[in-house]
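Novice: Predicted model and sequence below, questions to follow.
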Amino acid sequence: MLRPLAADLLAVPMPTVAAVTGHASTGGCLLALCNDYRIMRGDREVLYMSEIDIGLPLPPNFMAVLEEV
């Protein structure tokens, strides 16, 4: 479900901005990273993928986005 949305965000022919107003974990983190710019609140700036903390492998499409950032 996230793959088509992430692909669409990455393909937009103009700069995109993500406004993150709280915690963004896994899917939210991925969607935020698909944008060219991220704006976050100063008191709640948390992007994280708990899968990394517990040693789970990330799906290939997540890895492709992380390699681009």
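Specialist: Arrived safely. Just so you know, these numbers come straight off a predicted model, no measurement behind them.
Novice: Against which helices or strands is the host helix or strand of residue 29 packed?
Specialist: Here residue 29 sits within helix 27-33, counting by DSSP states H and E. In this structure, helix 27-33 makes packing contacts with helix 2-11, strand 17-20, strand 46-48, helix 60-68, judged by 3 or more CB pairs under 8 Å, 6 or more residues apart in numbering; DSSP states H and E. Using the backbone N, CA and C atoms, a C-beta is placed for each residue, glycine as well.
Novice: just the angle between the last one and helix 2-11, please?
Specialist: Calculated by axes from the mean of the first three to the mean of the last three CA atoms, to 10 degrees, helix 60-68 forms an angle of 30 degrees with helix 2-11.
Novice: Give the rounded mean pLDDT of helix 60-68.
Specialist: In this model, helix 60-68 carries a mean pLDDT of 82.
Novice: re the thing from before, what helices or strands is the next helix or strand after the helix holding residue 29 leaning on?
Specialist: Counting by DSSP H and E, the next helix or strand C-terminal to helix 27-33 is strand 37-40. Helices and strands touching strand 37-40, as assessed by 3+ CB pairs under 8 Å, 6+ apart, comprise strand 17-20.
Novice: what lines up beside the next helix or strand after the strand it packs on in the sheet?
Specialist: Going down the chain from strand 17-20, the next helix or strand is strand 23-25, by DSSP H and E. In the sheet, strand 23-25 lines up against strand 46-48 (parallel) (DSSP bridges).
Novice: Run the chain-centre distance for the strand it pairs with.
Specialist: When C-alpha coordinates are averaged (CA atoms, centre = their mean, to the nearest Å), strand 46-48 and its chain have centres 9 Å apart.
Novice: pLDDT (mean, whole number) over that strand?
Specialist: With pLDDT averaged residue by residue, strand 46-48 scores 85.
Novice: what residue lies at the spatial centre of the chain?
Specialist: The centroid of the chain falls nearest to residue 30 when counting by CA atoms, centre = their mean (2.2 Å).
Novice: Can you tell me how far it is from residue 39?
Specialist: As defined by CB to CB, to the nearest Å, residue 30 lies at a distance of 17 Å from residue 39.
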